[in-house]
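[1] Task: produce atomic coordinates for the following.
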Amino acid sequence: MGKTKFNDHWIRITVILVTFLIISGFLVSQALTKRINHDENQYIACAELIKDGYVPYHDFYYHHLPYLPYIYAGLFCFTSHLVLSARLFSVFCVLIYLLLIYLLIVKRFELLSKTKAVFFSLSALFLIISTQIFRFSATLSWSHDFPVMLIVLAFFLFEKFFKITKIFCFFLLGC
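    Down below sits the predicted model:
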């Protein structure tokens, strides 16, 4: 009986890893094949100016908060492939928030069984990545993926530290 639980555990881990590898491949291919959007240039150009020593609002006009261009400017110090590095950072952010969503759902459904929890979590991820808005907005180098990652991370940490057990509390959080 112990051997079966051991095998089930490794099968679940293998399924999870293969699923995240498939999602990663999908996201990277999506990032590499999308045409450059007209909104991406403002983030990339601002990051290039920041890298060259200019300051937003003081040296040039910029009508967004500059947190993302500062991150991009740090990435641009290591590569000359501006769009590629910015989009790969977006892919990284998407993978992180999908992983956090996966962990949240697994935690909620693990009372049923670990296999069902993994199934429900992976099903939810595939539902998320199959939506039209996700396919349109994810992996572009604009200000969607990084803030969503931070919001999901904040929710994950809030749930982890305060041990919310009642579903009513989630409605109070605005989710």
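[2] By mean pLDDT, which helix or strand of this structure comes out lowest?
    Within the chain, no helix or strand scores below helix 167-172, which has a mean of 58 by mean pLDDT, DSSP states H and E.
[3] could you say what helices and strands whichever strand or helix holds residue 125 packs with?
    Per DSSP states H and E, residue 125 falls inside helix 114-129. The contact analysis (3 or more C-beta pairs under 8 Å, 6 or more residues apart in numbering; DSSP states H and E) places helix 114-129 against helix 2-33, helix 82-109. For the C-beta atoms, the positions are set from N, CA and C on the backbone; glycine is no exception.
[4] so what secondary structure elements neighbour the next helix or strand after the first one?
    Using DSSP H and E, the helix or strand that follows helix 2-33 in sequence is helix 40-51. Judged by 3+ C-beta pairs under 8 Å, 6+ apart, the packing partners of helix 40-51 are helix 67-76, helix 82-109.
[5] List the contacts of helix 40-51.
    Contact partners of helix 40-51, identified using C-beta atoms under 8 Å, 6 or more residues apart in numbering, comprise 56, 59-60, 62, 64, 66, 68-73, 75-77, 82-83, 86, 140-143.
[6] Near residue 18, how many other residues are there?
    When neighbours are defined as other C-beta atoms under 10 Å, residue 18 has 10 of them.
[7] Equivalent analysis for residue 115, please.
    By other C-beta under 10 Å, the residues close to residue 115 number 12.
[8] do residue 53 as well
    Counted with other C-beta under 10 Å, residues neighbouring residue 53 total 8.
[9] buried subset of the contacts of helix 40-51?
    Buried members of the contacts of helix 40-51, counted by 16 or more other C-beta atoms under 10 Å: 56, 62, 66, 68-69, 71-73, 75-76, 82-83, 86, 140-143.
[10] sorry, back to before: now for the helices and strands packed on helix 40-51, which one comes closest to residue 9?
    Among the helices and strands packed on helix 40-51, the nearest to residue 9 by C-beta to C-beta is helix 82-109 (13.6 Å).
[11] Quick one: work out the angle between the closest one and helix 40-51.
    Here helix 82-109 runs at an angle of 110 degrees relative to helix 40-51 (axes from the mean of the first three to the mean of the last three C-alpha atoms, to 10 degrees).
[12] Show me how far helix 82-109 is from its chain's centre.
    2 Å (C-alpha atoms, centre = their mean, to the nearest Å).
[13] And it, what does it pack against?
    Using 3+ C-beta pairs under 8 Å, 6+ apart, helix 82-109 is in contact with helix 2-33, helix 40-51, helix 67-76, helix 114-129, helix 145-162.
[14] mean confidence for that helix?
    Over the span of helix 82-109, the pLDDT mean works out to 92.
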